[in-house]
Structure formats: structure tokens, C-alpha cells
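Colleague: task: produce atomic coordinates for the following.
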Amino acid sequence: MEIEDINQDNVPIGETRKIRPKRYGLLWEDKPELVAKLCKEKLPILVEDKTKEVIHPKDPVVNVIIEGDNYHSLSVLNYTHKGMIDVIYIDPPFNTGAKNWKYNNDYVDKEDAFRHSKWLSMMEKRLRLAKPLLKEDGVLICAIDENELWHLGSLLEELFFEREIHLITIVHNPRGIQGKNFSYVNEFAFFVIPRGERVIGPRKLEDEEIYWSNLRNWGGESDRTDAKNCFYPIMVKESEIIGFGDVPDENFHPRSQVENGNGYKLVWPIDVNGNEKKWRYARQSVESILNLLRVKKSNNGRIEIEIGKPYGTVKTVWQNPKYDAAEYGTKLVHELVPNSNFDFPKSVYNVYDCIAPIISERKEAIVLDFFAGSGTTGHATIMLNKEDNGSRKFILCTNNENGIAEEICYPRIKAVIDGNEKYKEITEYATNLKYFKTDFVDSAPTDLNKKVLVDRSTEMLCLKEYCFNLIRNDANFRVFSGATGKYLGIIYDDAGIEGLKSEVRRINRKFSVYIFSLDEGVKEDEFEEIAELVDLKPIPASILNVYRRIYR
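Modeller: Here you go, the predicted structure:
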């Protein structure tokens, strides 16, 4: 039996190396995969389906769905997005033994003697392609159940040996899935993070989890005289804080803890014994923590002001009704895409709570899901942008098996953008969407094939630069602009050089210029007079070099 040593970074993806069996680590029989073999004869590219484009010009964000086998989509992304992804969230097929995923176009069932080897081979190839896409502080999250939990953990340890790996338990089915000995109510998520760094931020706590305490000081050094600027009234109308009064003269003494104002109440830091205390925050800084405060009324007429921190460290066991995959997965998808047929989509809150602690402060993050399924990761990213007006982008990669890309993922994302009355709080957010499909060109290294690759690389280059607005379409060159002031020039033939140069002079902004060349030269002398405005890159050499690395 041939054993693949997956610790060898120079092993070509999709190939098997004959080596001595390892003394420690995960061993399995590598199973060749047709989609990987295809890349020895064909090179993947992208083709846009303009009929599925969603445009909202006021929003700068362009999100992407890529229809095709994720092995090919990841290959393209190795050229367009190497080192650019903040979070990869994936929910791969769980390999339960049911006929719910294919390998080499055949369903894999529990009677298949190589079921686990096929699953590991499939995952290993894709995780190898995904790893270079992560930023140095990027995070990989992989959902999994008990069927491949231990195998996946060992695989991640070998592929991401330089990172920390943490396992989270999530109760996603409180009703349980009946087994012979146990009823499973939970699944798991591996978090693969940079070693020694803090990249998982605090999570938003539910109301019942927040610890509330009195804003009024107690104990030692809690008197008014200990900090004069901490004695002032807080204005309360009904159950809301509407403002803060000024610090009074030291000779002024309120008649009671709660006084009547002009249509509101004035609450002073006075304890139950009538002693004048102080608030924990000075008058000049209290407004900065207004969102952390709440009003608590007592039956005796007192009004207490409490402070609570709504964020806390992410715990390793998550249990909340919002993670219920039936309620906030299946029902939600069926509401957004009526008559859809997709088994076991994740609760959108499950995915949201996975990615939010990582990118809540990264408002321009890029999120990738290459097992996108019904598009839950894209939905969760839109939810986060809606909350804080962020500019995060998502890339969803999924095949079209049983119409999942065109009939479920795409219409679900479009419905989230357009809005749904029943789920108004987590839908209706104007953003842009591009829909691509993977296609192929011949890989034989002929001059003709190189020219064909350049002619068909437009969508890849637009995605790489996030420049999609076509502003000049010439037979030999094209110019695109991006929402953030970027410009892209593509020269398909030497006859387009002068025309592109004229456009650069006219616009007078920095350009990324990709120029056709049969070698790696870019004819820099042709651009000497505008050298400060152009960043020249040869194609197809820059594309071919990436494919040689991952397919070698």
C-alpha cells in the first residue's frame, strides 16, 4: 500500500509519494481524485454569469459566489487572494455514511471500505490549497461531527503544525440525533489560530449572561468627598438614561436619592442610608460608557444605575437556542428560498458567533467558505456588516450538485440582500454580488495556449484587484475601476500599449497593469514616462507560476 506523508510540504497536491511509514501521525491510503487529475491537462479560470449580478453602487463592497468544484475555485484563489483572507469558515460533508457526498462522481456510503481515506484525501487536498490564502493573523474554522472528528484533528495538526488548534463544542440539535448508545445533541468546530497571538476577540453576551453591578461606589474611598467629579445626577426618563447633569457646588446636597426634574428623574449616588457616595466614573468620562448602563427600579421608589459588560471571553462550550439548526437553519433557508431542498444548513447564529469574535474589529475583512452549501457564511457576514456598517467581503465556493449553487446559495444571498419581512432584523442590506463559474483552458505550454489564457483571464484579474467597473473596452486593452479608487489595466496585445498609456495619462491615478508577454518580461521601457503611475505585471507568467507551484 502506498502511504502519503502529508508532512512533506513539497509533495504535489493530488499525488502519492512512496515513503517509509511514519512512526507518528495520521496514515491513510491516498485516493486519486478526478478533479485534481484534470488540472494536469487543464487550468481553471473564471467566467462571470452577468445575469446573477446584484448591483448597489452606493456600497463599495463586492461579494463573490464561485460555482464549481472547490478544488478548482481554491486553485484560482491561490492566484487572486494569496495571503488576503482573514477568516476561512468551512462546514465540509460530515461523512456520516449516508449518501450525501460524492467522490469521483460516485456517492460514498457506509459500506465503502475506503470511506475515511476518500474523505481525508478530499480534505487534505483542499486544506493544502486553502492554507496559503490565510493572512498571518488569519483564522481557519472547520465545523465537524463525531464521524471524522479525530481524523480531522490529526490532519489539521500535521498541515498547520505551526499554529494553535482549539476545539469548541456547539449544541446545535437539542432534540438529539438517536444513536445506538448515545443521542448526539452537539457538533464541534476546530479553530486554527496563529500561535501565541490573541486573535479571538470578546463575544457579545446574551442578557442573562451579563453580570450587572451598581454604578455607585461602595466600600473604602467611595464617599462623595473622595472624588468630587464623581458626584452628579443621572437623568432618567421612564426606564432610559437620557443624559447626565453637571457636578454641583460642594455645598449643595440633594434632598433624596431620586428627585424630580423637568419631565424626568434625577438619580444621585446616595445609598440606602442617605450617605452621599460617588459614581465609579467621573462626569467627564461617563458618557463614553453610556451603552454599558441600565436602569433598575425598586418597589421602594429607589432607582439604581447598573453597569454591565456585554462582552466576554469566548468559551469552549456553546449552548443557546439560537444555534438550533432546525429553527435558524432549515426553517430560515426555506423561508428565504421557498421549495428549496437542502439538508441540515447551519444556524446562521452559529456561523455568526464563530466569525464575529475574529473580524468584529476588522471592518474590511475578507471571509472565505469553500464548502458554502446554502450560503450561511455569506449571510452571517452581511449580518455583521449591517450591525456596524462594515465593509467586509465574502467569497462563497460551492458546486452545483442538485442545483445547490444556482437554486439555493445564490437565491438565499439575493434574498438576504433584498430583505425578508419575517427576518427583517437579519436581512435587507444593500450590497453587491458577483457570480462566477469555473471553466478551463488547455495547459500545454504552447504560445497559442498562453494567449488563450490571457484572453480569458479578465475575470480573474478583476477579482484579484477588486476592480469590476469597465470604463474602456478596446480590442487590445481594457480599463476597469474599483470602488476604492483603484484602477486596473489589461493589455491583451502589444497593439494596446499606447491606448492604455493614454488612459493612464488621462485618469492620472495609480494603475495595476497586466500585460501579455510570452516570457516574464513587461517592456518597462515602453512605460518610462509614466513609470510612477503603473505597476507592471506579466501575464500569463504570473498565473502560470502559481499553478506550477500548486500542481507540480
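Colleague: which SSE is the residue nearest to the spatial centre of the chain in?
Modeller: In the chain, the residue lying closest to the centroid (C-alpha atoms, centre = their mean) is Val367, at 2.6 Å. Counting by DSSP states H and E, the element that carries Val367 is strand 366-369.
Colleague: dump that strand to CSV, restricted to CA.
Modeller: What follows is strand 366-369, C-alpha atoms only, in CSV (Å, rounded to 0.1, in the frame of the first residue of the first chain):
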residue,chain,number,x,y,z
ILE,A,366,-12.4,39.0,3.7
VAL,A,367,-14.3,35.8,4.7
LEU,A,368,-14.0,32.6,2.6
ASP,A,369,-16.2,29.5,2.7
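Colleague: for it, what is the distance to the chain centroid?
Modeller: Chain-centre distance of strand 366-369: 4 Å, with C-alpha atoms, centre = their mean, to the nearest Å.
Colleague: following it, which helix or strand comes up?
Modeller: Using DSSP H and E, the helix or strand that follows strand 366-369 in sequence is helix 376-388.
Colleague: got the CA positions of the helix or strand following that next one in CSV?
Modeller: For helix 376-388, the succeeding helix or strand toward the C-terminus, using DSSP H and E, is strand 393-398. C-alpha atoms of strand 393-398 as CSV (Å, rounded to 0.1, in the frame of the first residue of the first chain):
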residue,chain,number,x,y,z
LYS,A,393,-16.5,40.9,1.8
PHE,A,394,-17.3,37.2,1.4
ILE,A,395,-16.3,34.6,-1.1
LEU,A,396,-18.5,31.5,-1.3
CYS,A,397,-17.4,28.5,-3.3
THR,A,398,-19.8,25.6,-4.0
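Colleague: what's the offset of strand 393-398 from the middle of its chain?
Modeller: 9 Å.
Colleague: that one pairs with which strands?
Modeller: strand 62-67 (parallel), strand 366-369 (parallel) (DSSP bridges).
Colleague: out of these, nearest to Thr431?
Modeller: For the strands paired with strand 393-398, the distance to Thr431 is smallest for strand 62-67, at 6.2 Å, taking C-beta to C-beta. All C-beta spots, glycine's among them, are computed from the backbone N, C-alpha and C.
Colleague: and the angle from the closest one to helix 376-388?
Modeller: Calculated by axes from the mean of the first three to the mean of the last three C-alpha atoms, to 10 degrees, strand 62-67 forms an angle of 170 degrees with helix 376-388.
Colleague: which stretches in the stretch 451-552 of the chain count as helices?
Modeller: Counting by DSSP state H, counting those that start in this stretch, the stretch 451-552 of the chain has helices at residues 458-465, 497-507, 541-551.
Colleague: ok so, going back, turn the strands paired with strand 393-398 into TSV, including distance to Thr80 and mean pLDDT.
Modeller: Shown next, in TSV, are those (distance: least, C-beta to C-beta, whole Å; pLDDT from 0 to 100):
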stretch	distance to Thr80	mean pLDDT
strand 62-67	10	98
strand 366-369	11	98
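Colleague: which of those strands sits closest to Gly499?
Modeller: When the strands paired with strand 393-398 are compared by C-beta to C-beta, strand 62-67 sits nearest Gly499, at 26.1 Å.
Colleague: how far does the closest one sit from its chain's centre?
Modeller: Chain-centre distance of strand 62-67: 13 Å, with C-alpha atoms, centre = their mean.
Colleague: do stretch 63-74 as well
Modeller: The mean C-alpha position of stretch 63-74 is separated from the chain mean by 15 Å, C-alpha atoms, centre = their mean.
Colleague: compute the first-to-last residue distance for that stretch.
Modeller: End-to-end distance for stretch 63-74: 16 Å, by C-alpha to C-alpha, to the nearest Å.
Colleague: and the residue nearest to Gly68 when sequence neighbours are not counted, what pLDDT?
Modeller: In this structure, Gly68 finds its nearest non-sequential neighbour in Thr438, 3.0 Å apart by C-beta to C-beta, 6 or more residues apart in numbering. On the pLDDT scale, Thr438 is placed at 98.
Colleague: next, count neighbours for Thr438.
Modeller: For Thr438, the neighbour count with other C-beta atoms under 10 Å is 21.
Colleague: over to Ser222?
Modeller: Neighbours of Ser222 using other C-beta under 10 Å come to 18.
Colleague: just checking, it touches Glu276?
Modeller: No. The criterion here is C-beta atoms under 8 Å, and Ser222 misses it with Glu276 at 10.2 Å.
Colleague: distance between stretch 175-195 and the chain's centre?
Modeller: 22 Å.
Colleague: list of residues touching it?
Modeller: 136-146, 149, 152-153, 156, 160, 162-174, 199-200, 326, 354 (C-beta atoms under 8 Å, 6 or more residues apart in numbering).
Colleague: in helices, which of these appear?
Modeller: Within those, membership in helices is found for 149, 152-153, 156, 354, as judged by DSSP state H.
Colleague: related to what we said a few turns ago, I'd like the strands paired with strand 393-398 written out as a markdown table, with distance to Asn320 added.
Modeller: Listed next are the strands paired with strand 393-398 as a markdown table, based on distance: least, C-beta to C-beta, whole Å:
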| stretch | distance to Asn320 |
| --- | --- |
| strand 62-67 | 27 |
| strand 366-369 | 22 |
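Colleague: and Cys409, which of the ones you listed is closest to it?
Modeller: By C-beta to C-beta (comparing all of the strands paired with strand 393-398), the closest turns out to be strand 62-67, at 6.3 Å.
Colleague: the closest one to helix 458-465, inter-axis angle?
Modeller: For strand 62-67 against helix 458-465, the angle by the same axes, to 10 degrees is 140 degrees.
Colleague: from the chain's centroid, how far away is the following helix or strand past strand 62-67?
Modeller: Next helix or strand after strand 62-67 toward the C-terminus (DSSP H and E): helix 70-80. Mean C-alpha position of helix 70-80 versus that of the full chain (C-alpha atoms, centre = their mean) differs by 17 Å.
Colleague: what does stretch 269-283 give?
Modeller: A distance of 45 Å separates the centroid of the chain from that of stretch 269-283, by C-alpha atoms, centre = their mean.
Colleague: average model confidence for that stretch?
Modeller: Averaged across stretch 269-283, the pLDDT comes to 95.
Colleague: and stretch 130-139, by the same measure?
Modeller: 98.
Colleague: and that stretch, how far apart are its ends?
Modeller: 11 Å.
Colleague: who's Val267 bridged to?
Modeller: In beta-bridge terms (that is, DSSP bridges), Val267 pairs with Ile234, Val258.
Colleague: nearest residue to Tyr551 in space, please, no chain neighbours.
Modeller: Excluding the flanking residues, the one nearest Tyr551 by C-beta to C-beta, 6+ apart is Cys39, at 5.2 Å.
Colleague: residue contacts, the one you found?
Modeller: Residues near Cys39 by C-beta under 8 Å, 6+ apart: 14, 71-72, 75, 443, 547, 551.
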